[in-house]
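Got a predicted model here, sequence first, then my questions.
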Amino acid sequence: MRLTSTARTYRTTSQNVIGDLPGATRADEIIVLGSHMDSWDLGTGAIDDGAGGAITIAAAKAIADSGRRPARTLRVIFYGSEEVAQPTAQTGNGGGVYARGQGAALDKHIIAGESDFGADRVYALRLPAGAQGSDFQKAAIRVLYPIGVLASDRVETEGGVDVGPMGPLGVPFFGLAQDGTRYFDLHHTANDTLDKIDPAQLNQNVAAWAGLLWLIADSDVDFRAMKPTTTPATPTR
């Protein structure tokens, strides 16, 4: 007897959900806050990546609720189809579709960051090449150090699966590095459920994102034009 197996495939359409908090004076300059909506089949997707969506939209809402709009536009994107198989990842996923669809408008995307590593605490700030030791990094760490976030001399070059496709097209990235001690115990398992989210650590993520975004949005920093420096920031990670 010969046994064979057949896999069913599904053709469907995924969507990106995009919300803007328009900038007050430089609305054409975009800062992207990325996460993704789809989850793995076994769990509910609380860690991967419901937490990321909650963090980014809560940070933008905190800024909106302050009553004063930032200078630059904050764009929250819930990408679809992040969990697609290679080799189509970063080309056929929601991030790839978004990046290709922006055309010349991508030139006005100032910087992008992604929250896709659960909800445990942020411990380090990673910036694009040239930002290490810069006045912007020093200002950011003055804001973030009280909640336990240190400077990193590691350059953020990848962004993540969702925002990553913008990198080769010239968009720089920032990264808020998180504690991943238990992430892969939950990632893509049936244990990826809401009860695994620690509210205190989730709130620290939101605070870190909101504080950093305020600084970026109200600054005149051109991260695209920054060049690498030979003097690393301290402390480093």
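That came through, no problem.

Quick check: closest non-adjacent residue to G211.
V143 (4.6 Å; Cβ to Cβ, 6 or more residues apart in numbering). Quick note: C-beta positions are derived from backbone N, CA and C, even for glycine.

From S219, how far off is the one you found?
Distance of V143 to S219, computed by Cβ to Cβ, to the nearest Å: 12 Å.

tell me the mean pLDDT for the longest strand anywhere in the chain?
Taking DSSP state E as the assignment, the strand of the chain that covers the most residues is strand 26-36. The average pLDDT within strand 26-36 is 98.

buried residues in it?
The neighbour-count check on strand 26-36 (16 or more other Cβ atoms under 10 Å) flags R26, E29, I30, I31, V32, L33, G34, S35, H36 as buried.

what's the angle between the lengthiest helix in the chain and strand 26-36?
Assignment by DSSP state H gives helix 199-218 as the longest helix of the chain. Helix 199-218 and strand 26-36 are oriented at 150 degrees to each other (axes from the mean of the first three to the mean of the last three Cα atoms, to 10 degrees).

Output helix 199-218 as PDB, restricted to C-alpha atoms.
Provided in PDB are the C-alpha atoms of helix 199-218 (Å, rounded to 0.1, in the frame of the first residue of the first chain):
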ATOM      1  CA  PRO A 199       0.000  44.500  32.400                       C
ATOM      2  CA  ALA A 200       2.900  46.300  34.100                       C
ATOM      3  CA  GLN A 201       5.400  45.300  31.400                       C
ATOM      4  CA  LEU A 202       2.900  46.100  28.700                       C
ATOM      5  CA  ASN A 203       2.400  49.600  30.200                       C
ATOM      6  CA  GLN A 204       6.200  50.100  30.200                       C
ATOM      7  CA  ASN A 205       6.300  49.300  26.500                       C
ATOM      8  CA  VAL A 206       3.600  51.900  25.800                       C
ATOM      9  CA  ALA A 207       5.500  54.500  27.800                       C
ATOM     10  CA  ALA A 208       8.700  53.800  26.000                       C
ATOM     11  CA  TRP A 209       7.000  54.000  22.600                       C
ATOM     12  CA  ALA A 210       5.100  57.200  23.400                       C
ATOM     13  CA  GLY A 211       8.200  58.900  24.900                       C
ATOM     14  CA  LEU A 212      10.400  58.100  21.900                       C
ATOM     15  CA  LEU A 213       7.700  58.900  19.300                       C
ATOM     16  CA  TRP A 214       7.100  62.400  20.900                       C
ATOM     17  CA  LEU A 215      10.800  63.100  20.500                       C
ATOM     18  CA  ILE A 216      11.100  61.900  16.900                       C
ATOM     19  CA  ALA A 217       7.800  63.600  15.800                       C
ATOM     20  CA  ASP A 218       8.700  67.000  17.300                       C
END
